[in-house]
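S.K.: quick one, what's the 3D model for this:
(one chain, ligands or ions: 1)
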Amino acid sequence: MIVEHDVALARFTTIGTGGPARLFARPRTLPDLEEALALAGEQALPVAVVGLGSNLLVADDGVDALVLRLEGELAAVEVDGQLVIAGGGAANAVALHAARNAGLAGFEFACAIPGTAGGGVRMNAGAYGSDWAGVMKRALVVSSGGPAWRTPSELGLTYRHSDLGDGEIVARVEVELQLGNPDEIKAEVKELNGLRKAAQPTNRRTFGSVFKNPDHDLSAGRMLEACGLKGHRIGGAQISPKHANFIENADDARSAEAIALMAEARRRAREQFGVLLEHEVRFLGALDLS
Ligand SMILES: Cc1cc2nc3c(=O)[nH]c(=O)nc-3n(C[C@H](O)[C@H](O)[C@H](O)COP(=O)(O)OP(=O)(O)OC[C@H]3O[C@@H](n4cnc5c(N)ncnc54)[C@H](O)[C@@H]3O)c2cc1C
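M.R.: Below is the predicted model of the structure:
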């Protein structure tokens, strides 16, 4: 396995911002992954993993860590009966395609979530009333202590949360689905994609939802819209004019500008609604939202 130095991470995030990783490797097998973790241990470096970078903001001055991207076997998808078995680095679109071809239903919700199986479990990603916790049977988590299978309850999956810590890497996920009709699955996916396009900036560089929905009548997006923040811009980063819980890279944005927008949005929501919004997007490197 090749270990690269100072690899720019901006191209591995959907918002397209962020500095370099001190070390970067692309493990393709479980032994590769264990080798990478051992290397990080020897060098006393933290380990981080990027999936499709679709809910990730990386510090502009980079990350002092070994950053991993799972490829090869660790990004492959196979079907066994009613199980879709996806490598942690497998894109949701690939897993959904395999499920549909095998006539397996229940994973349609993931059609509009541009992430990987590992990112899905880490975030307990979800949409339209379903989430990873509801469809997955178990995940193979690899850490410096070795591999172990964990169920959703052992992973502590709740709304956009898991108990997984840094250095705990989802290498494989088993998703258990129901028998369904491929044409109906296709129609459902088309309908959900249509709903998504109508409501969210799907053709812009973003990192998905900025904040989790608070325990309030209004969603985070509606709250920020009511604060008059749609279209608000700092440098190259802009709160989406279409959906206020998205930040767009409108023009060569930096992560620091996205953070400044998030801080402003939080301040305004607190002032107007008395609610302290919690960020959903994950930070990599030294980023501070205070
Ligand atoms: C246009 C758009 C729409 C979106 N819509 C939704 C939505 O409807 N619902 C929703 O929940 N999310 C949504 N998202 C956010 C995002 O797609 C999900 O959170 C997704 O699950 C993140 O997966 P990823 O592979 O991109 O993870 P990344 O963004 O790369 O990483 C996110 C976190 O997961 C960790 N991680 C990634 N891979 C692994 C792994 N193998 N093992 C352990 N940890 C890992 C990272 O270290 C990081 O902490 C959207 C994003 C975009 C850009």
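S.K.: got the residues of the stretch 151-290 of the chain near the ligand?
M.R.: Taking CB under 6 Å from any ligand atom as the criterion, the stretch 151-290 of the chain approaches the ligand at residues 164, 169-170, 202, 206-209, 282. Just so you know, the C-beta spots here come from the backbone N, C-alpha and C atoms, and that holds for glycine as well.
S.K.: quick check: the two most widely separated of those?
M.R.: Ile169 and Thr202 (28.7 Å; CB to CB).
S.K.: looking at those two now, which is surrounded by more residues?
M.R.: With neighbours defined as other CB atoms under 10 Å, Ile169 and Thr202 compare such that Ile169 has more, 25 against 15.
S.K.: I'd guessed Glu280 sits against Gly221; true?
M.R.: No. The pair Glu280 / Gly221 is not scored as a contact, 11.6 Å apart, by CB atoms under 8 Å.
S.K.: what about Gly120, distance to Asn101?
M.R.: Distance from Gly120 to Asn101, counting by CB to CB, to the nearest Å: 20 Å.
S.K.: which one's more surrounded, the two?
M.R.: Legend: neighbour count by other CB under 10 Å for Gly120 and Asn101, higher for Gly120 (30 against 11).
S.K.: could you list every residue that touches the nearest residue to the more buried one once chain neighbours are set aside?
M.R.: The shortest distance from Gly120 to any non-neighbouring residue, by CB to CB, 6 or more residues apart in numbering, is to Trp132 (4.7 Å). Counting by CB atoms under 8 Å, 6 or more residues apart in numbering, Trp132 touches 120-121, 123-126, 152, 157, 173.
S.K.: who wins for neighbours among the residues you listed?
M.R.: Going by other CB under 10 Å, Gly120 tops the contacts of Trp132 with 30 neighbours.
S.K.: who are the contact partners of it?
M.R.: Contacts of Gly120 by CB under 8 Å, 6+ apart are 92, 110, 113, 132, 173.
S.K.: which ones among those lie within strands?
M.R.: In strands, defined here by DSSP state E, the members of the contacts of Gly120 are Val173.
S.K.: which one of the contacts of Gly120 is nearest to Ala40?
M.R.: Lowest distance from Ala40 to the contacts of Gly120 (CB to CB) belongs to Val173, with 22.5 Å.
S.K.: do I have it right that that closest one meets Val135?
M.R.: No. The pair Val173 / Val135 is not scored as a contact, 9.5 Å apart, by CB under 8 Å.
S.K.: got a list of contacts for stretch 192-212?
M.R.: Contacts of stretch 192-212 with the rest of the structure, by CB under 8 Å, 6+ apart, involve 13-16, 53-57, 108-109, 111-114, 127-128, 159-160, 220-221, 224, 240, 242-243, 245-250, 262, 265-266, 277-281.
S.K.: show the buried residues in these.
M.R.: 13-16, 53-57, 108-109, 111-114, 160, 220-221, 224, 240, 242-243, 245-250, 262, 265-266, 277, 279-281 (16 or more other CB atoms under 10 Å).
S.K.: in helices, which of those residues appear?
M.R.: Using DSSP state H to define helices, the subset of these located there is 220-221, 224, 262, 265-266.
S.K.: now do stretch 161-172, average pLDDT.
M.R.: In this model, stretch 161-172 has a mean pLDDT of 96.
S.K.: could I get that stretch in CSV with only the CA atoms?
M.R.: Taking C-alpha atoms only, stretch 161-172 is exported to CSV below (Å, rounded to 0.1, in the frame of the first residue of the first chain):
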residue,chain,number,x,y,z
HIS,A,161,-25.3,10.0,15.3
SER,A,162,-23.2,7.0,16.1
ASP,A,163,-20.9,6.2,19.0
LEU,A,164,-18.0,5.5,16.6
GLY,A,165,-14.9,7.3,17.5
ASP,A,166,-11.9,8.5,15.4
GLY,A,167,-9.8,5.5,14.5
GLU,A,168,-12.8,3.2,14.3
ILE,A,169,-13.3,2.4,10.7
VAL,A,170,-16.3,0.8,9.1
ALA,A,171,-14.8,-1.7,6.7
ARG,A,172,-18.0,-3.6,5.7
